[in-house]
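Trainee: how does the following fold in three dimensions:
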Amino acid sequence: MKVCVVGVGNIGTNLLTSLRRKGVQAVGVEINPDRRAALAAAGVDGVFAGPDEAGAPDVWILTTSTGPGMSHILSAVRSLSPKPGALVSVESTLPVGGTARLAEAFRERGYVPGETFHLAHVPHRILFGVEETVFDAPRVVAGVTPACRDAAIAFYRPLVPVLYPVDDVRVAELSKIVENGLRYLNIAFAEALFGYCLEHGLDWAQLHGAVNTKPNVELLNVDFGIGGECLPKDMGFLQEALQSPLLEAAVAADEAHRARLRRLAGPHRRVLVMGLTFKPGFPDTRFSRARELAEALAADGKEVYVYDPALGPEKVTELGFRWGDPGGAYDLIYQRPLAIRTAAEEEKRGQDTRDGQ
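Mentor: Numbering: from 1, shown residues only. Reported below is the predicted structural model:
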């Protein structure tokens, strides 16, 4: 069996290398030449510029970004010519009704799901830093037809420990954006509480710890805002489907949180931002709210220093910031997990010798 992964970004790379480790003959397609060069430099070979170079795979797995109006995923679908009986599995996140749009794009070119080939939606799942591969977590499986779903189950069953088949492909689409939408809501709730603590002189860390002493409750921690590529995009998909005032309020809460962090720097000149990546420990600043804040503060005329061991001084300088020394003197410090300290508070902490206080 030959498999081709279309879209070899973070998810696609993990998928491609995981398939190969399991003994599957797998190649990739990545249209971005810089990304292909980076993959080659990292020792990931067999990644081509277009589907025509990939031969005639038995399985196509799409992990490309969805794109505005599904433009990226539609472009990928229109580039494929699945052979008779092939499986096309879309792992990219889709809005509700997205798989039907992809099926129609195939039909327009004479490829009929469930007849000439199989079309399935198996939303990807991986929590980087916790799970090693895209095959570690249970996966939801759906198909445009029952035969399409069965073909996907047959392919994934040897790879994934737990499969959860659903009858309607819209349930699979919704399940993915609900997962991320629920996390968005929980973070936005925590951000609102964080703001309340700031405004009323309360210790957020103590509130967070106190609430989480109840076993069935988890109050999430807060960061520089809800960033990354997935959560804001998926919240948009969910709001498109639900048109819910609850979701609208969550988006507004996150926007207010980010605006509040910027305002707090008001009178301060020298600012240290401790952590610039989109999530701690991963050297990727794309879609990073921390980077967004640092850039905003620099635009406000602040001297912005950044300390992030995941990036190092050279990368921080390339991004346009001064490298910061955590032991240096600053008027305001943004820490991660999010805490905001002034120079006066830092001096008080340095004089306080009580253990753990």
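
Trainee: please count neighbours and contacts with C-alpha atoms only from this point.
Mentor: Noted.

Trainee: once you drop chain neighbours, what's closest to the residue most central in space within the chain?
Mentor: Residue closest to the mean C-alpha point of the chain, counted by CA atoms, centre = their mean, is C230 at 4.0 Å. Among residues not flanking C230 along the chain, N180 sits closest, at 7.5 Å (CA to CA, 6 or more residues apart in numbering).

Trainee: for that neighbour, helix, strand, or coil?
Mentor: The local conformation at N180, judged by DSSP: H, G, I helix; E, B strand; the rest coil, is helix.

Trainee: let me see the confidence value for it.
Mentor: At N180, the pLDDT value in this model is 96.

Trainee: what's the spacing between it and L193?
Mentor: 20 Å (CA to CA, to the nearest Å).

Trainee: give me every residue that touches the residue nearest to C230.
Mentor: C230, L231, D234, M235 (CA atoms under 8 Å, 6 or more residues apart in numbering).

Trainee: drop anything exposed from those.
Mentor: Using 16 or more other CA atoms under 10 Å as the burial test, those include C230, L231, D234, M235 as buried.

Trainee: what sits against the third one?
Mentor: Residues counted as contacts of D234 (CA under 8 Å, 6+ apart) are T93, P95, I177, N180, G181.

Trainee: low-confidence stretches in the stretch 251-357 of the chain?
Mentor: 344-357 (pLDDT under 70).

Trainee: for this protein, which segments count as helices?
Mentor: Under the criterion DSSP state H, the chain contains helices at 10-21, 33-41, 71-78, 98-107, 146-156, 169-200, 204-211, 230-242, 245-263, 289-299, 312-318, 343-351.

Trainee: would you mind giving these as TSV with distance to T64 added?
Mentor: Output for these, formatted as TSV (distance: least, CA to CA, whole Å):
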stretch	distance to T64
helix 10-21	8
helix 33-41	13
helix 71-78	6
helix 98-107	13
helix 146-156	18
helix 169-200	16
helix 204-211	37
helix 230-242	12
helix 245-263	25
helix 289-299	23
helix 312-318	27
helix 343-351	45
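
Trainee: which of those helices sits closest to G327?
Mentor: Closest to G327 of the helices of the chain is helix 343-351 (CA to CA; 10.2 Å).

Trainee: could I get the buried residue list for stretch 55-68?
Mentor: Neighbour-count burial for stretch 55-68, with 16+ other CA under 10 Å as criterion, is recorded at A56, P57, D58, V59, W60, I61, L62, T63, T64, S65, T66.

Trainee: export those as a markdown table, with columns for distance to V273 and pLDDT.
Mentor: Shown next, in a markdown table, are the buried residues of stretch 55-68 (distance: CA to CA, whole Å; pLDDT from 0 to 100):
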| residue | distance to V273 | pLDDT |
| --- | --- | --- |
| A56 | 50 | 96 |
| P57 | 47 | 98 |
| D58 | 49 | 98 |
| V59 | 45 | 98 |
| W60 | 43 | 98 |
| I61 | 39 | 98 |
| L62 | 37 | 98 |
| T63 | 33 | 97 |
| T64 | 32 | 96 |
| S65 | 30 | 93 |
| T66 | 32 | 94 |
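
Trainee: in the stretch 1-150 of the chain, where is pLDDT below threshold?
Mentor: Flagging of the stretch 1-150 of the chain using pLDDT under 70 yields the residue ranges 129-130.

Trainee: is it correct that E191 is in contact with A252?
Mentor: No - using CA atoms under 8 Å, E191 is not in contact with A252, being 10.8 Å away.

Trainee: higher neighbour count, those two?
Mentor: Between E191 and A252, E191 has the larger neighbour count (other CA atoms under 10 Å), namely 26 against 12.

Trainee: check contacts around that one.
Mentor: Residues in contact with E191 (CA under 8 Å, 6+ apart) are V222, G225, A253, D254, H257.

Trainee: what of P146?
Mentor: Contacts of P146 (CA under 8 Å, 6+ apart): G114, D167.

Trainee: ditto for the one 10 residues further on
Mentor: Contacts here follow CA under 8 Å, 6+ apart; on that basis Y156 touches L163.

Trainee: and the gap between it and T66?
Mentor: Distance from Y156 to T66, by CA to CA: 22 Å.

Trainee: hmm, back to that, of the buried ones among the contacts of N180, closest to V144?
Mentor: Among those, D234 lies closest to V144 (CA to CA), at 21.5 Å.

Trainee: how near is the closest one to V90?
Mentor: Distance from D234 to V90, by CA to CA: 16 Å.

Trainee: same question for C197.
Mentor: For C197 relative to V90 (CA to CA), the value is 43 Å.

Trainee: among these two, which residue is more densely surrounded?
Mentor: More neighbours surround V90 than the other of C197 and V90, with 24 against 15 (other CA under 10 Å).

Trainee: off-centre distance for stretch 62-70?
Mentor: Centroid separation for stretch 62-70 versus its chain: 13 Å, with CA atoms, centre = their mean, to the nearest Å.

Trainee: next: stretch 251-260.
Mentor: For stretch 251-260, the distance to the chain centre is 19 Å (CA atoms, centre = their mean).

Trainee: just stretch 222-240 next, same as before
Mentor: Worked out by CA atoms, centre = their mean, stretch 222-240 lies 9 Å from the chain centre.

Trainee: could I get the CA-only coordinates of it as CSV?
Mentor: Taking C-alpha atoms only, stretch 222-240 is exported to CSV below (Å, rounded to 0.1, in the frame of the first residue of the first chain):
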residue,chain,number,x,y,z
VAL,A,222,-4.0,32.3,30.9
ASP,A,223,-1.4,33.4,28.3
PHE,A,224,-1.0,36.5,26.2
GLY,A,225,-4.3,35.7,24.4
ILE,A,226,-5.8,32.9,22.4
GLY,A,227,-3.4,32.3,19.6
GLY,A,228,-2.1,29.6,17.3
GLU,A,229,-3.7,28.8,14.0
CYS,A,230,-6.4,26.4,15.1
LEU,A,231,-8.4,27.8,18.0
PRO,A,232,-9.4,31.2,16.5
LYS,A,233,-10.1,29.6,13.1
ASP,A,234,-12.2,26.8,14.6
MET,A,235,-14.1,29.2,16.8
GLY,A,236,-15.0,31.1,13.6
PHE,A,237,-16.3,27.8,12.0
LEU,A,238,-18.3,27.1,15.1
GLN,A,239,-19.8,30.6,15.3
GLU,A,240,-20.7,30.3,11.6
